[in-house]
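**Student:** Sequence first, predicted coordinates after that:
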Amino acid sequence: MPIVTDLAPMIALVCYLIGGIAAAGAGVWIARAGDDHRPDREAVLIALGAIVIWCSLSIAAQPGSILIAIAEVARNLALLAVIFQLFAADGRDESLKPTRPVIVTLVLVQLFQLLVILIETQAVGYPQVIQLAHEISELFSMMIAIGALVLLHNLYAGAATASRRIILWSGIGLGAFFAYDLNLHTLAYLGETNPVVLGSLHGIVAGVMAVMMAVGANSSSAGLEFRPSRAVTFQTLSLLVIGSYLIVMVLVTRSLALLGGDVGRASQIAFLVFAIAAAIIWLPSQRIRRSLRVMAAKHLFQHRYDYREEWLRFTRTIGHASSSGSSFKERAVKAIADITESPAGLLLMPNEEAQLELNARWNWATLDVPAIASDFKLPSTLEQNNHILALDEARSGVEYFGELEQIPAWLIEAEDAWALVPLLHFDRLVGVIVLARPRIERKLDWEDFDLLRVVGQQLASYLAEQAGQQALMDASRFDEFNRRMAFVMHDIKNIASQLSLLSRNAQKHADNPDFRADMLVTLRNSSDKLNALLDRLGRYGAGQSQAAHEFDLRDLAAKVCERFKGVHPVSLARTERVTVLANAEAAEQAILHLVQNAVDASEPGEPVTINTHREGPSGMLEVVDSGTGMSPEFMRTGLFKPFVSSKQGGFGIGAFEARELVKAMGGRLTVESRENIGTRFSVSLPVPEAVRIADARVAGGPPKRASGNSTTKQSTIEESEEVA
């Protein structure tokens, strides 16, 4: 205490300085931005001016000076005027007649106190008179503080809801100030001297009151409410518990010291050891922390949950996988369990027969769950009612829409099972969450039901979305498999067509040696194609790029013509040797598709021609027929679409696969066609020089956009139509 006493003048100087600055700033704020229509505006400005003068004199004058006493009296009178005007702000100034005698009495007491203070300062050499005057002055100060608090209580208790928003902040500031005054003067009266520390802090308390008055003086800020977050409230409660613990320790140890001697010291040591051990055991306890949190939510807040914080926590839990690598369904269970502080949970989901099965656990490995957790009756009832089941009430016999008899026996027997939360998505049951009993025992109420129901619906949408994505992935795999089979069937159909045509021709030309030689070639080619098909079957849809090498388009065209020998007349017309850089096997497959389409579109014996030449940086191979041709609309909407064909019984795969193969090699496939005239398919593949130039540009920087129709590494398919 000596150190605090020595520092008291410095602390008082700082506090009075802060209080004066705060009061002056509050006065300037109210004068410039305050509500001009408030009836307490002038009284508040006068009171703030009196506080500034009082703080200034407390700094400049000697402690106990008559000037400070006069300034304190003026301050209290101004604050009483503010209280009176607050009644007017509430619209009750005309009904203040029963209260006016109290205010008049307080004013008279304050004036008599000024007289007593004058007597106290002049009675030098008369200690008994000074002591008596001091006690009377402190009693008067206590009376003024008590009277002001009574007035403030009546003001706020009788105010209308709308008026409370106006008088709230000023009332809190005045109440806090006079409550502080009451404690200060009570201690001074009982101790026969002014408390050093409390007296030093008097100025800063006045500054806080001035700030609150400024907050309440503006119409936009008068409706502000102090709403601390649950985290701040919980931390404050924790500090209060710790502070109370320390105060009890001090009081008990001081009391034990009164015993004196060895007994007192031994008692002090024993109590300190016991208190420290209790603090180590109980203060870090999770149970204590949960109890404080429940008490704060129950008594200090209108709602049990901080919905903003709960939603943020739910989103974080669902959106981020934990470091343990938990699955999405485990995080879904945790997201709901965290709301009720349940330590564990289960996720049950309906199977194809609408029976519930275990799909995920979270921290509940000890619970034995049957393979069929529930038959179809419970999911059906939950789906119809969307009702959250409190299992403790079900165990006690409370009936929920006929659900009691439908709850499986293993859940009733599991004492840790606490609640069932249905997850509904568009009135369809997606799953059921089973929550374990919280460590702090409590019952579910309406707020739990509402929050769990809303969160359950949101979680059901996430689970339904995940199920939909899984179904799309499965469908994509099946689609890839079906596409692969469609390509295979198309290739087999082409081989079967060639063999069928060969069989029909064999009946007419079996005796012709040249035909028999061609037939052997065709059979060998068909066998090679079947072997190549089997080899290529495992590569369909694999997404692997095939190796490119240089080859001559003219040789490829001659090889294709040889394959159709004896089946249909396919010949070379305009041929130039042109070397391209691509995959020969894929290019041959694409050309075979195009030639087969041309053969199918032509009359028997009508020739199909193949041209090869170079055009700029590309090697060109054209397949030309004089068949039925295609309409412009079909080329726009159906030519390169799988399973769309203009031929009777066609698969619509050949042109699509040819385009994809050419596209994968960095080439282009274009088509020109007229109905009843014919069709020309043009395959463009890059030459080695163009590929090297393109690679050099990529290595040196981004290549410039090519102009005209000469380009390399282009994967866009261009379709052109010949206009009549």
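**Tutor:** It's in. Numbering: from 1, shown residues only.

**Student:** Let me see the contact set for residue 42.
**Tutor:** residue 85 (CB atoms under 8 Å, 6 or more residues apart in numbering). Backbone N, C-alpha and C define where each C-beta goes, glycine included.

**Student:** Please apply the same query to residue 430.
**Tutor:** Contact analysis of residue 430 by CB under 8 Å, 6+ apart lists 349, 423, 424, 460, 463, 464, 467.

**Student:** Please pick the buried ones from the residues you listed.
**Tutor:** When the contacts of residue 430 are checked for burial by 16 or more other CB atoms under 10 Å, the buried set is 349, 423, 424, 460, 463, 464.

**Student:** would TSV of these with secondary structure be doable?
**Tutor:** Output for the buried ones among the contacts of residue 430, formatted as TSV (DSSP: H, G, I helix; E, B strand; the rest coil):
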residue	secondary structure
349	strand
423	strand
424	strand
460	helix
463	helix
464	helix
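
**Student:** Looking at the contacts of residue 430, which is nearest residue 655?
**Tutor:** Nearest to residue 655 among the contacts of residue 430: residue 467, at 36.9 Å, using CB to CB.

**Student:** What is the helix or strand hosting the closest one packed up against?
**Tutor:** Assigned by DSSP states H and E, residue 467 belongs to helix 446-509. Applying 3 or more CB pairs under 8 Å, 6 or more residues apart in numbering; DSSP states H and E, one finds that helix 446-509 makes contact with helix 307-319, helix 328-339, strand 417-425, strand 428-436, helix 513-537, helix 584-601, helix 654-664.

**Student:** sorry, back to before: can you say which two of the contacts of residue 430 are spatially most distant?
**Tutor:** So, those by CB to CB: farthest apart are 424 and 467, at 14.1 Å.

**Student:** Could you tell me the least trusted of the helices and strands packed on helix 446-509?
**Tutor:** Here the lowest mean pLDDT among the helices and strands packed on helix 446-509 goes to helix 513-537, at a mean of 73.

**Student:** gap between the helix or strand following that one and the chain center?
**Tutor:** Counting by DSSP H and E, the next helix or strand C-terminal to helix 513-537 is strand 549-552. Distance, stretch centre to chain centre, for strand 549-552: 56 Å (CA atoms, centre = their mean, to the nearest Å).

**Student:** out of the contacts of residue 430, who's nearest residue 693?
**Tutor:** Nearest to residue 693 among the contacts of residue 430, counting by CB to CB, is residue 467 at 50.9 Å.

**Student:** show me what contacts that closest one?
**Tutor:** residue 430.

**Student:** picking up where we left off before, closest to residue 374 out of the helices and strands packed on helix 446-509?
**Tutor:** Across the helices and strands packed on helix 446-509, closest to residue 374 is strand 428-436 (CB to CB), at 8.1 Å.

**Student:** How about that closest one, which residues are buried there?
**Tutor:** 429, 430, 431, 432, 433, 434, 435, 436.

**Student:** try stretch 609-628
**Tutor:** Neighbour count says stretch 609-628 has 609-612, 617-628 buried, by 16+ other CB under 10 Å.

**Student:** swap in stretch 116-135?
**Tutor:** Across stretch 116-135, burial judged by 16+ other CB under 10 Å covers 116, 117, 120, 130, 133, 134.

**Student:** export those to CSV and tack on distance to residue 45 and secondary structure?
**Tutor:** As requested, those are exported to CSV (distance: CB to CB, whole Å; DSSP: H, G, I helix; E, B strand; the rest coil):
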residue, distance to residue 45, secondary structure
116, 29, helix
117, 26, helix
120, 31, helix
130, 37, helix
133, 33, helix
134, 33, helix
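
**Student:** Okay, residue 374 and residue 387: tell me how far apart.
**Tutor:** From residue 374 over to residue 387 the distance is 15 Å, taken as CB to CB, to the nearest Å.

**Student:** Those two: which has the busier surroundings?
**Tutor:** Higher neighbour count among residue 374 and residue 387: residue 374, with 22 against 16, using other CB atoms under 10 Å.

**Student:** I am finished for the moment; much appreciated.
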